[in-house]
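J.: 3D model of this:
(2 chains)
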Amino acid sequence: MTGSPWDAEPGGDAPGAAHSGRPRRRRGRGERAMVPDARFSSYYGRPILKPPTWRPLDIAGYLYLGGLAGASSLLAAGGHATGRPALARSAKLGAAGAISLSLAALVHDLGRPTRFLNMLRVVKPTSPMSMGSWLLVGYAPLTLAAAASDVVGRYRLVGSAATGAAGVLGPAVATYTAVLISDTAVPSWHEGHRELPFVFAGSAATAAAGLALVAAPVAQTGPARRMAVLGAALELGAFRSMKRRMGLVAEPFEEGRPHTLLRAAEVLTAGGAALAGCAGQRRHGRRLAAVAGAALLTGSAALRFGVFLAGVASAGDPKYTVVPQRERLRDREG
Amino acid sequence: MTHGNQLYGPQPDVAGAAGYADAPPRMGFFTDTSVCIGCKACEVACKEWNAVPEDGLELTGMSYDNTQGLGADTWRHVAFIEQRTTVGEDVDVFDAARRLDTAPPAAAAGQISPVQPEGRTELRWLMSSDVCKHCTHAACLDVCPTGSLFRTEFGTVVVQEDICNGCGYCVPACPYGVIDQRRDDGRAWKCTLCYDRLGAGMEPACAKACPTDSIQFGPLEELRDRAADRVSRLQAAGVTDARLYGASPDDGVGGDGAFFLLLDEPEVYGLPPDPVVTTRDLPDMWRHAAMAAVSLGALAVASFLKRPR
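T.: Residues are numbered from 1 along each chain as shown, chains lettered A, B, ... in the order given. Alright, predicted model coming up:
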C-alpha cells in the first residue's frame, strides 16, 4: 500500500505526508454544512495547476461588461420594437459603451496587445476565446451602429436592423463567457460548466435591467423591472444549484474574499430586484429605481469578481485538484 | 479506430488527425524516475540549448529542489522528494538490483529480507525530472485562439513564438500546470521537445544530457513497450510501488507523449492523479450555454409581454 506509511504523520510540508484540511464551516443562513476532512498528498503543498495569469480587473471586468452589453441589447431591441424610445436609447448606448470598454479590457490584458488581431487568424470551435472573438467582431459594430443611428436620428432602417441583430447576438455574448472560463482545468470553474451559463445569463439580465433603471424614465422601465426580478431569480437559483452539485470544489466560493463578494452580490441582487419590483408603484419611483438600478449593477459586478477570484483560489490549492481526482479514481475502480 | 478531430479518447494517429499525410512515428519521452539521481543535467541542458532565461535564484528551504516547478522559464524540473518511510516494508536495493540482471521470475516482495530491524524508519529520496506531457488531447492547443500552439509532425505540441499574443488561455487550461506566461515578454512558453533538434534527427537536449538514461527519447510505441517491461521487472524484484504514469491511451488526456515510471502516487511528485482534458466537456458546455442564451432571450420576451405602462 503506497502512501500509507506517511499517512501516519499528518501535517508538515513533507511530500507524501497527508495534508489534512481543517474542517471549515460554511458561513451564512445558519447552514452547518461541514466539508469533511480532506486528506491528500502533494509536492510540498505546492499547487499542481498554474493559476490564470489574467488580471482580475480586465477579465472579471470583461465578464461583467460582456453580460451588461449582451442583455442591454435585448432591452434595446425590445424597447425599440414596443415604442419605448428612452429605454431603447439608454440600452443601446449602454450596450455600445460596455462592449467597447470590454474590448479595451481584453486587448489590455494580452501579453502582446499589438498582436490582438492574431485572434482572427483562425476560426477554432475548440477555443471559446476564438469563437468569442468572432462573436464580438460581429456584435460590437452592430451595437455601435444601433447607438449611433439612435443618437444621430438618421439611417433609421440600418439602425433598426442593427438593433435587431444585436438583440439576436446579445444572449450569446452574455453566456459564452461562462464557457470561456469553464473550459479550463480550474476546478471551481470547470465543475460548474453546466450551471454557470445560466448564472451569467441571470447576472447579465440584472445588470442590464439595473442600467435601464438608472438611466431611463420610470414610465418606460416596466420591462426592465420585470427583467430584474426574473434575472435575479435565475442567477440566484442557478448559483445555488451549481454549488450544491459541485461538492468540495464549491468551497472556494464560501471562503475569503470570493465569499464576501458573492454574499454582497446575493444581497444586492435580491434587494435590487425587490426594490425594482416596487419602483413602478411608488410615488418616489424615480429615486427608488435609481437605487435599485445601482444595487443591481453593483451586485452583478460583485458576482463576476467573486466567481473569478474563487476560480483563481481553487487553482492555487492542490486540494481541489487532487481530492476530486482521487475520488474519481476510487469510484472507477469500484 | 476513429480519425479526425476527436476531443477525447485513444487516438493512435495524432499527427494524422492533425492533418499530416506522411508523418514520422510519434516521438516522446519515457522518464524512468527509478534511476534518476537528481543531477539536474537535464534542466541545465534544456536551458542552454533553448536559451531559456533565468527563472529566479531562490533557496526554497523545502528540499534540494530550488527550481520548484515547471513554468515559462523552466521546461525541465527535477522534483526532489524526501520521505520518511518504514524500513520493515522496504526493499534490499542491492538484492533487487542483482535480480534485475537475472530476469523476471524473482522472489516475491515478502521474501526479500528487510535491511534494517523492524520498526526503524529511514529517509528515502525520490527524484523525478518533470516535463511537458505533450498530451494526445492537449487542452492548451485546443483552447489557443490564435493557432500559435500547434501539433508537429512528430505528434508533439509546440508554441509558435511569433504568433502567440499572450492571451494566457493555455495557462489555466493545462491540467498539469506546465505552460506559463513569461512576465516581461507576455507570451506563453513551454517545452518544445526540442522541435529544432528533432527536425535534424537529433534527440532532445535533456535526454542527451541525462547520465543515467532516466530520460529516454524515442518513438512512443517503443518507449511504451520498454516501460511496460521495466515496470514488470521492478515489480517482480519487489518494488511494488513502481507504476507507469501517463502511459495509457485510455486515460483522461488520451495518453501522454511524455510519460513516467513513478515510485509513489503521482500527487507526491506534484502530478495530478487523474487529469482530464477540459475540452472533453466542451460540447456539453456549448450546449448549456446555448440553452442559457435561449433562456435569456425568453426572459427578455417575457419581460416585454405586458402592455406598456
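J.: Which residue does chain B have closest to chain A?
T.: Distance from chain A to each residue of chain B (C-beta to the nearest C-beta) is smallest for B:Gly166, at 1.9 Å. (C-beta placed from N, C-alpha, C; glycine too.)
J.: So that residue is in contact with B:Arg187, correct?
T.: Yes - using C-beta atoms under 8 Å, B:Gly166 makes contact with B:Arg187 at a distance of 5.0 Å.
J.: joint contacts of those two?
T.: Contact criterion C-beta atoms under 8 Å, 6 or more residues apart in numbering or on different chains; residues shared by B:Gly166 and B:Arg187: A:111-112, B:181.
J.: Any of the residues you listed buried? List them.
T.: A:111, B:181 (16 or more other C-beta atoms under 10 Å in any protein chain shown).
J.: beta partners of B:Leu123?
T.: When bridges are called by DSSP bridges, B:Leu123 pairs up with B:Arg84.
J.: OK, contacts around A:His108?
T.: A:Asp58.
J.: ok so it is a helix residue?
T.: Yes - remark: A:His108 belongs to a helix, assigned using DSSP: H, G, I helix; E, B strand; the rest coil.
J.: And it, how close does it get to A:Arg154?
T.: Distance, A:His108 to A:Arg154, by C-beta to C-beta, to the nearest Å: 33 Å.
J.: Could you do A:Gly272 as well?
T.: 36 Å.
J.: who has more neighbours, the two?
T.: When A:Gly272 and A:Arg154 are compared on other C-beta atoms under 10 Å in any protein chain shown, the one with more neighbours turns out to be A:Gly272, at 27 against 10.
J.: so that one makes contact with A:Ala228?
T.: Yes - judged on C-beta under 8 Å, A:Gly272 makes contact with A:Ala228 at a distance of 6.6 Å.
J.: joint contacts of the two?
T.: A:206, A:210, A:292, A:296.
J.: Out of those residues, which is nearest to chain B?
T.: Lowest distance from chain B to those (C-beta to the nearest C-beta) belongs to A:Thr206, with 10.6 Å.
J.: so where does the closest one fall, helix or strand?
T.: helix A:196-215 (DSSP states H and E).
J.: So which other helices or strands are in contact with that helix?
T.: Secondary-structure packing of helix A:196-215 (3 or more C-beta pairs under 8 Å, 6 or more residues apart in numbering or on different chains; DSSP states H and E): helix A:56-81, helix A:85-109, helix A:156-182, helix A:222-246, helix A:256-279, helix A:285-316, helix B:282-304.
J.: just so I know, which of these lies nearest B:Gln235?
T.: helix A:285-316 (35.0 Å; C-beta to C-beta).
J.: Tell me which residue lies nearest the centroid of chain A.
T.: In chain A, the centroid-proximal residue (C-alpha atoms, centre = their mean) is A:Arg304; its distance is 4.0 Å.
J.: closest point of chain A to chain B, which residue?
T.: A:Gly111 (1.9 Å).
J.: show me the contacts for the residue nearest to A:Leu87 when sequence neighbours are not counted.
T.: What sits nearest to A:Leu87 in space, not counting adjacent residues and going by C-beta to C-beta, 6 or more residues apart in numbering or on different chains, is A:Gly79, at 3.7 Å. Counting by C-beta under 8 Å, 6+ apart, A:Gly79 makes contact with A:85-89, A:91, A:220, A:223.
J.: Let's see that with 6 Å instead.
T.: For A:Gly79, the residues meeting the contact criterion (C-beta atoms under 6 Å, 6 or more residues apart in numbering or on different chains) are A:87-88, A:91.
J.: before we move on, the earlier item: specify the angle between the helix holding A:Thr206 and helix A:56-81 in degrees.
T.: Relative orientation of helix A:196-215 versus helix A:56-81 (axes from the mean of the first three to the mean of the last three C-alpha atoms, to 10 degrees): 70 degrees.
J.: mind checking how far helix A:196-215 is from the chain centre?
T.: 10 Å (C-alpha atoms, centre = their mean, to the nearest Å).
J.: send the alpha carbons of it over as CSV?
T.: C-alpha atoms of helix A:196-215 as CSV (Å, rounded to 0.1, in the frame of the first residue of the first chain):
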residue,chain,number,x,y,z
LEU,A,196,-22.5,28.8,-14.9
PRO,A,197,-24.0,29.9,-18.3
PHE,A,198,-27.4,30.3,-16.5
VAL,A,199,-25.8,32.1,-13.6
PHE,A,200,-24.1,34.5,-16.1
ALA,A,201,-27.4,34.9,-18.1
GLY,A,202,-29.2,35.9,-14.9
SER,A,203,-26.4,38.2,-13.9
ALA,A,204,-26.4,39.8,-17.3
ALA,A,205,-30.1,40.4,-17.1
THR,A,206,-29.9,42.1,-13.7
ALA,A,207,-27.0,44.3,-14.8
ALA,A,208,-28.8,45.4,-18.0
ALA,A,209,-32.0,46.0,-16.0
GLY,A,210,-30.0,48.0,-13.4
LEU,A,211,-28.6,50.2,-16.1
ALA,A,212,-32.0,50.9,-17.6
LEU,A,213,-33.5,51.7,-14.2
VAL,A,214,-30.7,54.2,-13.5
ALA,A,215,-30.8,55.8,-17.0
